[in-house]
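Enquirer: This is a predicted model, with the sequence first.
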Amino acid sequence: MEAQQEKTGERLEKGSTEFLKSALEEEEAKAKKYLSNWQRAEADFDNYKKRVEQERSENAKFANMTLVISLLPVLDDFERALRSLSPKLAGLSWVDGLRLIYRKLQATLETQGLTEIKSVGETFDPAVHEAVAQAEGDEGKVVEELQKGYRLHDRVIRPALVVVGNGSGRREEESGEAED
């Protein structure tokens, strides 16, 4: 009788050991799954924090974009006014005052990140230039700038209005030179 009880005890013990091993394996699998999910959630949260910080810095960088865009026509008007002045007025104090105000406005806008887009002589780039006409000149090259274009930091806020060469004048000049 005692021998039979020992065998039953061993079976129970052996059965409970296997049961415990399988339960332990299940719990370890759950723990690995929870750890993996937690690591993924932590990585997602880190990415979210980086994205929010990047958006915040871009918002601060471009917060004054509307004001800068609204000041561009004033800058254009100053340039047109200064270009149209007669050379006779060059030494007058009010003309010098206008030039100083223009330079101050230009410098203030540059400190906010405004830069001019170079156009004349450059290859036409539809990302920064807006073609309004074609004229004699090298094909694909900007031959005249009708309105300046500007970038705020690295973003184009106003493309330059330009005239693009159609290649006709250059060929005639070259053929004319060859005949001489």
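Expert: Cool, got the structure.
Enquirer: Go through the protein and flag its longest helix.
Expert: Ranked by residue count under DSSP state H, the longest helix found in the chain is helix 2-61.
Enquirer: Check which helices and strands the helix or strand following that one is in contact with.
Expert: The helix or strand immediately downstream of helix 2-61 is helix 65-84, counting by DSSP states H and E. Applying 3 or more C-beta pairs under 8 Å, 6 or more residues apart in numbering; DSSP states H and E, one finds that helix 65-84 contacts helix 93-111, strand 149-152, strand 155-158. Backbone N, C-alpha and C define where each C-beta goes, glycine included.
Enquirer: any low-confidence regions in the protein?
Expert: The chain contains residues with pLDDT under 70 at 1-14, 170-180.
Enquirer: Repeat the analysis, applying 90 as the threshold.
Expert: Judged by pLDDT under 90, the chain has its weakly predicted residues at 1-17, 58, 60-64, 85-91, 154, 166-180.
Enquirer: Nearest to residue 126 among the helices and strands packed on helix 65-84 would be which one?
Expert: strand 155-158 (10.7 Å; C-beta to C-beta).
Enquirer: can I get the helices and strands packed on helix 65-84 in a markdown table with mean neighbour count and distance to residue 142?
Expert: Converted to a markdown table, the helices and strands packed on helix 65-84 look like this (neighbours: other C-beta atoms under 10 Å; distance: least, C-beta to C-beta, whole Å):
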| stretch | mean neighbour count | distance to residue 142 |
| --- | --- | --- |
| helix 93-111 | 12 | 22 |
| strand 149-152 | 19 | 10 |
| strand 155-158 | 16 | 15 |
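Enquirer: As JSON lines, these with distance to residue 52 would be great.
Expert: Formatted as JSON lines, the helices and strands packed on helix 65-84 follow (distance: least, C-beta to C-beta, whole Å):
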{"stretch": "helix 93-111", "distance to residue 52": "27"}
{"stretch": "strand 149-152", "distance to residue 52": "22"}
{"stretch": "strand 155-158", "distance to residue 52": "20"}
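Enquirer: Which among the ones you listed is found nearest to residue 119?
Expert: Closest among the helices and strands packed on helix 65-84, once you apply C-beta to C-beta, is strand 149-152, at 6.8 Å.
Enquirer: what sits up against the closest one?
Expert: Identification of contacts with strand 149-152 by C-beta atoms under 8 Å, 6 or more residues apart in numbering yields 62, 65, 68, 72, 112-117, 119, 128-130, 156-161.
Enquirer: now these: which count as buried?
Expert: Buried subset of the contacts of strand 149-152 (neighbour count, 16 or more other C-beta atoms under 10 Å): 65, 68, 72, 113-114, 117, 119, 128-129, 157-161.
Enquirer: Perfect, that will be all.
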